[in-house]
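Undergrad: fold the following.
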Amino acid sequence: MLRYISKNIGLCCRVLHLCEKNVDKIIEFTNATLEQGGSVILSDVNFAVEEAEFVYLIGKTGSGKSSLLKALYGELPLSQGTGSVAGHALTQLKRKEIPLLRRKLGIVFQDFQLLMDRTVIQNLYFVLKATGWKNKAEIHRRAMSVLQLVGIEQKADQMPNRLSGGEQQRVAIARALLNDPKVILADEPTGNLDVETSTEIMELLLALTKEENTAVLMATHDLQMVQKFPAKMLRVENGKVV
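TA: Sure thing, here's the model as predicted:
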């Protein structure tokens, strides 16, 4: 009897170990070095972000946060080590493959970067057409779907400059979700917002990890939000990510 129990405990442990090993890592860097203009920005970079995980990226201005984000979307190559994002090996990434990588990412900027000469929904149409969508009915359905997801579908026909900062950021998040990304890279998404609106945006981003199974890597200086919504944290300092 004891031998039977022991055997089954051992089997359970092996199954659990295999399950842990099979957790999908959306981002993984191993012994990576980032250089720009011949200067090392970050070295010995080792970290991973798992599926549906929310992770903060914090550090002082000029510490290398933006450079790390650029490496993630293929703008800055790795000079050493390895890195993978959404199934793409960054060290083997060819220039013509960068658009394919970026279709698996959603990018949210501090300053929204919306096109001010067209309506909210036309902003989304533009991105969908640029990423290969052809059917007008499907384009419209997808655009309305992500606007509903972020709670701003009633503003679809308004011009961006008629929206509040928080509403514009919701549109930016909707745009980031258009192609069902594996991960959202959010670069200071609450940097231009008041505390109440920042809280709403944080709640929305956190909800996406649970409801849409989307990982979020958020670069921020907003330590108030970090304390209010604790999560895994990567700190960039002295040329390292810890």
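
Undergrad: for the rest of this, base every contact and every neighbour count on C-alpha atoms.
TA: Noted.

Undergrad: what's the weakest-modelled helix or strand in this protein?
TA: Every helix and strand of the chain was ranked by mean pLDDT, DSSP states H and E. The lowest is helix 2-21, at a mean of 44.

Undergrad: grab the nearest non-local neighbour of residue 192.
TA: Residue nearest to residue 192 in three dimensions, not counting chain neighbours: residue 110, with 6.6 Å by C-alpha to C-alpha, 6 or more residues apart in numbering.

Undergrad: Three-state assignment for the one you found, please.
TA: Recorded secondary structure, residue 110: coil (DSSP: H, G, I helix; E, B strand; the rest coil).

Undergrad: OK, contacts around it?
TA: Counting by C-alpha atoms under 8 Å, 6 or more residues apart in numbering, residue 110 touches 187, 188, 189, 190, 191, 192.

Undergrad: kindly state the pLDDT recorded for the third one?
TA: Spelled out, it's residue 189. According to the prediction, residue 189 has pLDDT 93.

Undergrad: the last one now?
TA: Reported pLDDT at residue 192 in the predicted model: 88.

Undergrad: next, count neighbours for it.
TA: By the criterion of other C-alpha atoms under 10 Å, residue 192 has 15 neighbours.

Undergrad: poorly predicted segments of the chain, please.
TA: Counting by pLDDT under 70, the ranges of the chain that qualify are 1-23.

Undergrad: give me the next element, helix or strand, following the least confident helix or strand of the chain.
TA: Scanning forward in sequence from helix 2-21 by DSSP states H and E, the next helix or strand is strand 25-36.

Undergrad: which elements pack onto that following strand?
TA: Counting contacts by 3 or more C-alpha pairs under 8 Å, 6 or more residues apart in numbering; DSSP states H and E, strand 25-36 is packed against strand 39-50, helix 65-72, strand 78-85.

Undergrad: 10 Å instead, please
TA: Strand 25-36 sits against strand 39-50, helix 65-72, strand 78-85, strand 88-89, strand 215-220, with contacts defined as 3 or more C-alpha pairs under 10 Å, 6 or more residues apart in numbering; DSSP states H and E.

Undergrad: any idea how far the shortest one is from the chain center?
TA: Here the centre of mass of C-alpha atoms in strand 88-89, compared against the chain's by C-alpha atoms, centre = their mean, to the nearest Å, lies 16 Å away.

Undergrad: please report how far the most centrally placed residue in the chain lies from residue 159.
TA: Residue closest to the mean C-alpha point of the chain, counted by C-alpha atoms, centre = their mean, is residue 184 at 1.9 Å. According to C-alpha to C-alpha, to the nearest Å, residue 184 stands 25 Å off from residue 159.

Undergrad: show me how the chain divides into domains.
TA: In the domain annotation for the chain, the residue ranges read 21-104+181-242, 115-176 (automatic domain parsing).

Undergrad: related to what we said a few turns ago, including mean neighbour count and distance to residue 143, could the helices and strands packed on strand 25-36 go into TSV?
TA: Formatted as TSV, the helices and strands packed on strand 25-36 follow (neighbours: other C-alpha atoms under 10 Å; distance: least, C-alpha to C-alpha, whole Å):
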stretch	mean neighbour count	distance to residue 143
strand 39-50	17	27
helix 65-72	19	25
strand 78-85	20	25
strand 88-89	18	26
strand 215-220	25	21
